[in-house]
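Chemist: Sequence plus the predicted model coming up.
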Amino acid sequence: MPNLIKVIIPAFNEEESIAKVIAEIPKIVQEIIVVSNNSTDATENNAKNAGATVLQEYQKGYGYACIKGIDYISKQAVKPDIIVFLDGDYSDFPSELTNIIAPIIKKNKDLVIGARIKKWREKGSMTFPQIFGNWLATSLMKLIFNARFTDLGPFRAIKYQKLLDLEMQDKTYGWTIEMQLKALKKEFSYTEVPVHYKNRIGTSKVSGTVKGATFAGIKILGWIFKYSFK
């Protein structure tokens, strides 16, 4: 029986990119859910016109948007097997979704992270704070938890039931690290798949600002030290 796959895309003012992202998602996906995180531009209309289900989440925060998407799915009669998270800024290559889900389907992995490896990153696609933050977070996870993660990449797939088991809480910048840390604590099987990464359309709401990068760093370190003492 084919796997039922749904994609959740948090989006805040991504009117120029969202339709491109949706268009390149493989047809094996049954539903694409765009969660407009208080967008003030044409993001919602463009996503609808591209064929996505559009939800509104007025509380600003990446985690808020992801949780909104999960809550919507939880109320559906038929639940998916796999949830894929993907950004709406067109920095990822949506066509690589098939590579992201392959370890779940073929090897029964619980969680797969798309790792933005250096040789496949377009110049300037990741800022220094992003690169350093990823290195620091994954190094600490290796040191404290003996983890094998090399990235906190947002392009990721997880079994639906395993996602529910994580009881995700973070509403803002700590969403990705929370998922990985909780997966480690619960001893989920996981792996990484190398993915290509390009310069996003528009300005990043996190790494593109000093405030965003600072708060993201604080959140990431906070989650790591919280779990290191549990």
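Modeler: Okay, I see it. Numbers count the residues shown, from 1 in each chain.
Chemist: can you pull the contacts of the most centrally placed residue in the chain?
Modeler: Centrality entry for the chain: nearest residue to the mean C-alpha point is Pro154, 3.0 Å, by Cα atoms, centre = their mean. Counting by Cβ atoms under 8 Å, 6 or more residues apart in numbering, Pro154 touches Phe85, Leu86, Asp87, Asp92, Gly114, Thr176. In this view, the C-beta of every residue, glycine as well, is placed from N, C-alpha and C.
Chemist: could you pull out the helices for the protein?
Modeler: Taking DSSP state H as the criterion, the chain carries its helices at 18-23, 43-49, 62-74, 97-107, 128-145, 160-166, 175-185, 210-228.
Chemist: what's the first-to-last distance across stretch 7-19?
Modeler: 14 Å (Cα to Cα, to the nearest Å).
Chemist: Also stretch 5-25?
Modeler: Stretch 5-25 has its terminal residues 11 Å apart, counting by Cα to Cα.
Chemist: Buried residues of it, list them for me.
Modeler: Within stretch 5-25, the residues scored as buried using 16 or more other Cβ atoms under 10 Å are 5-15, 17-22, 25.
Chemist: longest strand of the protein?
Modeler: Ranked by residue count and defined by DSSP state E, the top strand of the chain is strand 111-121.
Chemist: Okay, angle between that one and helix 175-185 too, please.
Modeler: Strand 111-121 runs at 130 degrees relative to helix 175-185, counting by axes from the mean of the first three to the mean of the last three Cα atoms, to 10 degrees.
Chemist: Show me what strand 111-121 is packed up against.
Modeler: Here strand 111-121 touches helix 97-107, strand 156-159, helix 175-185, strand 190-197, going by 3 or more Cβ pairs under 8 Å, 6 or more residues apart in numbering; DSSP states H and E.
Chemist: The shortest one pairs with which strands, parallel or anti?
Modeler: Counting by DSSP bridges, the strands paired with strand 156-159 are strand 82-85 (antiparallel), strand 111-121 (antiparallel).
Chemist: Kindly compare burial across these and name the winner.
Modeler: Most buried of those by mean neighbour count (mean count of other Cβ atoms under 10 Å) is strand 82-85; its value is a mean of 24.
Chemist: quick one: stretch 189-199 to chain centroid distance?
Modeler: Distance, stretch centre to chain centre, for stretch 189-199: 11 Å (Cα atoms, centre = their mean, to the nearest Å).
Chemist: CA atoms only for that stretch - export them in PDB, please.
Modeler: Output in PDB follows, covering the C-alpha atoms of stretch 189-199 (Å, rounded to 0.1, in the frame of the first residue of the first chain):
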ATOM      1  CA  SER A 189      16.100   5.800  14.400                       C
ATOM      2  CA  TYR A 190      17.300   8.700  12.300                       C
ATOM      3  CA  THR A 191      19.600   9.600   9.400                       C
ATOM      4  CA  GLU A 192      20.600  12.500   7.200                       C
ATOM      5  CA  VAL A 193      20.400  12.800   3.500                       C
ATOM      6  CA  PRO A 194      22.600  15.400   1.700                       C
ATOM      7  CA  VAL A 195      20.500  18.100  -0.100                       C
ATOM      8  CA  HIS A 196      21.300  21.000  -2.300                       C
ATOM      9  CA  TYR A 197      20.700  24.500  -1.000                       C
ATOM     10  CA  LYS A 198      20.400  27.800  -2.900                       C
ATOM     11  CA  ASN A 199      20.000  31.500  -2.100                       C
END
